[in-house]
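A.B. asks: test case, fold it:
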Amino acid sequence: MKKTTALTLFCLFCFFFATNNAYTSTVSHALAIYGEPKYPKSFKHFAYVNPDAPKGGDVILSVVSSGGFDSLNPFVLKGEPAFGINEYLYETLATPSTDEPFTQYGRIAKGMEVANDRSWIIFHLNEKARFHDGHAITAEDVVFTFNILMEKGHPYFASYYSAVAEVKALSKYKVKFSFKVKNNRELPLIVGSLPVLPAHYWKDKDFTRTNVPPLGSGPYKISSVDTGHALTLERVKDYWGADLSVNRGRYNFDKMVIDYYRDNTISLQAFKSGEYHYRAENTSRNWATSYTGKNFDKGYIIKKEIRHQLPTGMQSFAYNTRRPLFQDPLVREALSYAFDFEWTNQRLFYNAYIRTNSFFSNSDLASSGLPGPEELKILAPFKDQIPERVFTREYQAPRSDGSGNNRQNLLIAMNLLKQAGWKIKDNTLINAAGEPFEFSILLVSPDFERVTLPFTKNLARLGIKAKVQLIDTQQYINRIQSFDFDMTVASFQQNLFPGNEQRNYWHSSSAKQPGSFNWVGISDPVVDALVEGLIAAPDRDALIHQSRALDRVLLWNHYVIPHWHIQTFRIAYWNIFGQPAIQPIYDIGFDNWWIDPEKNAKFRPRQH
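C.D. replies: Purely as a prediction, here's the structure:
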C-alpha cells in the first residue's frame, strides 16, 4: 500500500511538472534569441554611445522620392508615409541593441516574463511611460494597438503577428501575449517590437485615415508639416524615457528637418552646397566621381566608408510568377543569362560591387558549395519536388568576361528558351501559339535605367521585347502592392536571425495577400515547409542549416536575377557632428551623434 501510494504521488508529480512546464517562466530586463544578453540589468548605457553627449542644435536630413509623402500614418496600406514618424514618434515595448545579433531590451516594458517553452510572454510596463499628451501608457493601449493593427493596419502586420493567439491585459501595467505555437524563439522578440498607440486618442477617429496628426510617446514629435516637401521633428523636452539605459546618449538633436527631393542628382548637389547635413550614398558612380571639391578638401565635408557585418540580402530583377510568361523555371533561368553583371560592374559601378549568389549574402546563413549532411537531412524529403541541381551543384549566377560581348551566355539562354518551347521567327521570339515574348520592367528610380537598358538590349538579341517603365513613387507603391507588374527591381532584406518575416517573402499564405512582400508570387508547398522549419529552428546551428536549405531551393528555382551587394556603409556629412568612440557593428549609429559646438561654429554651412 505504501509503495503504491508513493508511486502514485511520484506519477502525479511528473504529470504536474510536465503539464505546467508552460507556466514556469523567467523574468528579465532583456531577451536574447539565443544565449544571454550582452548587457546586465544594471547597465547604464550601450557601449556605442556617449552618455554625456550634449543635447541641442538642428540637423537637416533628406529623402529622395519622386512623389514626396502624403501620409502621417505609417501603419496603414494607404499613402506614402513621411520618413521618421514610426522611428522617432512611437515607442515600442522593447528595443534592440546594435552590437548584438538579436537581443531586445525593455523600453516601455521595464521587465519581460517569458514562458520556458516560449508559448507566452508578459510585459511589465514602466509606470512612468507617457504619451506626449501626458496620458500613461497602459496594458489597454497595448491590446488596442495589436487589435487595430490586425484589423485595419497594413497587411504586413496580419502576416507578421499571425502566430499570436491572444493579447490580454492582466492589470493596468501588465500585458500578456499568448502564441499559437511553442518553442518559437523569435516570437517573444517580435511582439517586443510592437509600437504602442494611444487608445484614448484613436477611440473617436478613423484609423485608416492618413492625415490624422499622430500622438506618440517617443523622443520626438512633429512641429511642422509641409506635405510632400518637408517634415520637422522636435525633441520632446520632458520625454519620459530620456534617462532609460537604452536611450542614454541618444536622440541628441533639438530639431530634425527632413527635406524631400524628387531627383537624386539635385539632392546630391544640394548636399554639397550645404542644404542638408548628412547623406548615405547608394550610387557607386556618385561615390567614385561626385564627392570632390573645395568643401571636401578643406574638411568641411567628410566622406567615409564603414565596414559592417549585416546580411545584405538579395537585390534583384524579380519576376512576377503570377504572370503565365514567367511560370516556367527554364524561362526564368534563360533570362538571367542576358544580364551582364561583369560589364555593368566595370562600366557603370567602378568595380565597387560583389555579385550576389545568396538570399542571405554577407552572412553565415548563405549557402555555398554543396549541401552538407545537416542540409541534406532537411532537403531529402523533397528530393522529387525540387530541382536536382540543389543536390549536385553550387549556385552561381551567370558570369561573363566583362567585354560587353555576351554571346556565349546568350547562346545558353536561347537553348533554354527552345527547351521551354520558344523559337525565333522574323527576329521575334514566339511561343507555340505564335505569341511574342514581351513584358515590361517596372522602375521607380531613374538610377536603375542605366542598369536596365543594357539588359533589355541583350534581351532584344534573343528576340524579346522588354520595355522599361519608369513611374512615380505613389503609382509604383500601388502597383507593387497589388502585384500589377511583370518584372521589377526588388530588394529582400535579411537580418542575422531570419524567422517569421520569411512567411511574408516566400510563403503561399502571402502570395495573394495585397501589400505582402511576396512580390514574386511564390506558392510552393516545399518552400512553405522550409520556411516553417526555419522559423521553428531551436538553436543557431539549426537556423543556419535551415536558411541554407531554403536559400538553395529559392536560388535554383530562379525566382529572381541576382544583382550585387556591398559590405560597407557609404556616408558623407558636414563636419559639424560629434561621434561616439565605438561604432556599432550592425548600424551606422546616426541616432547616437550630436552637434559639436566647436565644429559647428567652424564648419556649418553659412546659409544655415
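A.B. asks: may I have the helix or strand containing residue 459 as PDB, with CA atoms only?
C.D. replies: Using DSSP states H and E, residue 459 sits within helix 449-461. In PDB, the C-alpha atoms belonging to helix 449-461 read as follows (Å, rounded to 0.1, in the frame of the first residue of the first chain):
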ATOM      1  CA  GLU A 449      17.500  52.900 -66.000                       C
ATOM      2  CA  ARG A 450      21.200  52.800 -66.900                       C
ATOM      3  CA  VAL A 451      21.400  49.300 -65.500                       C
ATOM      4  CA  THR A 452      18.200  48.000 -67.000                       C
ATOM      5  CA  LEU A 453      18.500  49.400 -70.500                       C
ATOM      6  CA  PRO A 454      21.600  47.300 -71.400                       C
ATOM      7  CA  PHE A 455      19.800  44.300 -70.000                       C
ATOM      8  CA  THR A 456      16.900  45.000 -72.400                       C
ATOM      9  CA  LYS A 457      19.300  45.300 -75.300                       C
ATOM     10  CA  ASN A 458      20.600  41.800 -74.600                       C
ATOM     11  CA  LEU A 459      17.100  40.500 -74.300                       C
ATOM     12  CA  ALA A 460      16.400  42.100 -77.700                       C
ATOM     13  CA  ARG A 461      19.200  40.000 -79.200                       C
END
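A.B. asks: so what touches the helix or strand following that helix?
C.D. replies: Downstream of helix 449-461, the next assigned helix or strand under DSSP H and E is strand 465-470. The contact list for strand 465-470 (CB atoms under 8 Å, 6 or more residues apart in numbering) reads 428, 436-444, 446, 449, 452-453, 455-456, 459-460, 487. (C-beta placed from N, C-alpha, C; glycine too.)
A.B. asks: listing partners with orientation, what would you give for strand 465-470?
C.D. replies: strand 438-443 (parallel) (DSSP bridges).
A.B. asks: what angle separates the strand it pairs with from helix 449-461?
C.D. replies: Here strand 438-443 runs at an angle of 170 degrees relative to helix 449-461 (axes from the mean of the first three to the mean of the last three CA atoms, to 10 degrees).
A.B. asks: average pLDDT for strand 438-443?
C.D. replies: The average pLDDT within strand 438-443 is 98.
A.B. asks: roughly how far is it from the heart of the chain?
C.D. replies: Its chain's C-alpha centre and that of strand 438-443 lie 25 Å apart, by CA atoms, centre = their mean, to the nearest Å.
A.B. asks: which parts of it are buried?
C.D. replies: 439, 441-443 (16 or more other CB atoms under 10 Å).
A.B. asks: which single one of those is nearest to residue 99?
C.D. replies: Checking those against residue 99 with CB to CB, the nearest one is residue 443 at 36.3 Å.
A.B. asks: residue contacts, the closest one?
C.D. replies: Taking CB under 8 Å, 6+ apart as the test, what residue 443 contacts is 449, 452, 468-471, 476, 488-489.
A.B. asks: pipe these into CSV and attach distance to residue 310 per row.
C.D. replies: Below are these laid out as CSV (distance: CB to CB, whole Å):
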residue, distance to residue 310
449, 28
452, 26
468, 30
469, 31
470, 29
471, 30
476, 25
488, 23
489, 20
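A.B. asks: adding pLDDT, write those residues out as CSV.
C.D. replies: As requested, these are exported to CSV (pLDDT from 0 to 100):
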residue, pLDDT
449, 95
452, 98
468, 98
469, 97
470, 96
471, 94
476, 94
488, 98
489, 98
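A.B. asks: show me how to select, in ChimeraX, the buried members of those residues.
C.D. replies: Here is the ChimeraX command that selects the buried residues among the contacts of residue 443 (16+ other CB under 10 Å):
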select :452,469,471,476,488,489
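A.B. asks: tell me which of the contacts of residue 443 is nearest to residue 42?
C.D. replies: Looking across these and measuring by CB to CB, the closest to residue 42 is residue 489, at 47.1 Å.
A.B. asks: dihedrals phi and psi, the closest one?
C.D. replies: When read as degrees, to the nearest 10, the backbone of residue 489 gives phi -90, psi 120.
A.B. asks: which SS class is the nearest residue to residue 366 once chain neighbours are set aside?
C.D. replies: For residue 366, ignoring the flanking residues on the chain, the nearest one in space by CB to CB, 6 or more residues apart in numbering is residue 358 at 3.6 Å. Following DSSP: H, G, I helix; E, B strand; the rest coil, residue 358 is assigned to coil.
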